[in-house]
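Asks: Take this sequence and fold it.
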Amino acid sequence: MRWVLKKFQELSADELYALLRLRAEVFVVEQTCAFQDLDNKDQPSYHLLGYLNDELTAYTRLVPPGISYEAASIGRVVTSPAHRRKGLGKELMKVSIEHCERLFQTTTLVIGAQCYLQDFYESFGFVPSGEIYLEDGIEHIEMTRHR
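Replies: Here you go, the predicted model:
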């Protein structure tokens, strides 16, 4: 994997297109969920792009404290359906956590996790910190990680 970390303003048009396409492929098409993906949180965030053979296959949005939650957060966690079951999601989260801790000088992270992925996020030290809630028709739970 080749990892690229950029602020929103540093993204090329092609990089922005690729990340929005991957997010739509999974969050809108695969999960059959019509929702407003463009939520004005992209601009103040960092974007972690994972490439395999020059194809964007993994992505997260690293959100500074005070935007989504009081703490920094990792959102829009996505891997390409064509490249699943290769460990990309685990590597993506590991690299995302490392970058968040360095960028935001924090050891506390919060995520809004889809409930079916709770065990996955617990493997990185996240624990439930809120009640289950519906977001765009999908059950989510707030999870926090303290290192």
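
Asks: Pretty sure Cys115 is one of the things Gly130 touches, is it not?
Replies: No. Using C-beta atoms under 8 Å, Gly130 makes no contact with Cys115, being 11.5 Å away. C-betas here are computed from N, CA, C, even on glycine.

Asks: what do those two both touch?
Replies: Counting by C-beta atoms under 8 Å, 6 or more residues apart in numbering, the shared contacts of Gly130 and Cys115 are Ile141.

Asks: Tell me where the longest helix sits in this protein.
Replies: helix 88-104 (DSSP state H).

Asks: The next helix or strand after that one pairs with which strands, parallel or anti?
Replies: As assigned by DSSP states H and E, the chain's next helix or strand after helix 88-104 is strand 108-114. Paired strands of strand 108-114, with direction, are strand 72-79 (parallel), strand 138-146 (antiparallel) (DSSP bridges).

Asks: of all these, which lies closest to Val29?
Replies: Across the strands paired with strand 108-114, Val29 has its closest neighbour in strand 72-79 (11.8 Å, C-beta to C-beta).

Asks: Kindly provide the whole-number mean pLDDT of the closest one.
Replies: The pLDDT scores in strand 72-79 average 96.

Asks: Just the CA coordinates for that strand, please, in CSV.
Replies: Provided in CSV are the C-alpha atoms of strand 72-79 (Å, rounded to 0.1, in the frame of the first residue of the first chain):
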residue,chain,number,x,y,z
ALA,A,72,-10.5,14.3,17.0
SER,A,73,-12.3,11.7,14.9
ILE,A,74,-11.9,9.3,12.0
GLY,A,75,-14.7,9.1,9.6
ARG,A,76,-15.8,7.9,6.2
VAL,A,77,-13.8,4.7,6.7
VAL,A,78,-14.0,2.8,3.5
THR,A,79,-12.3,0.1,1.5
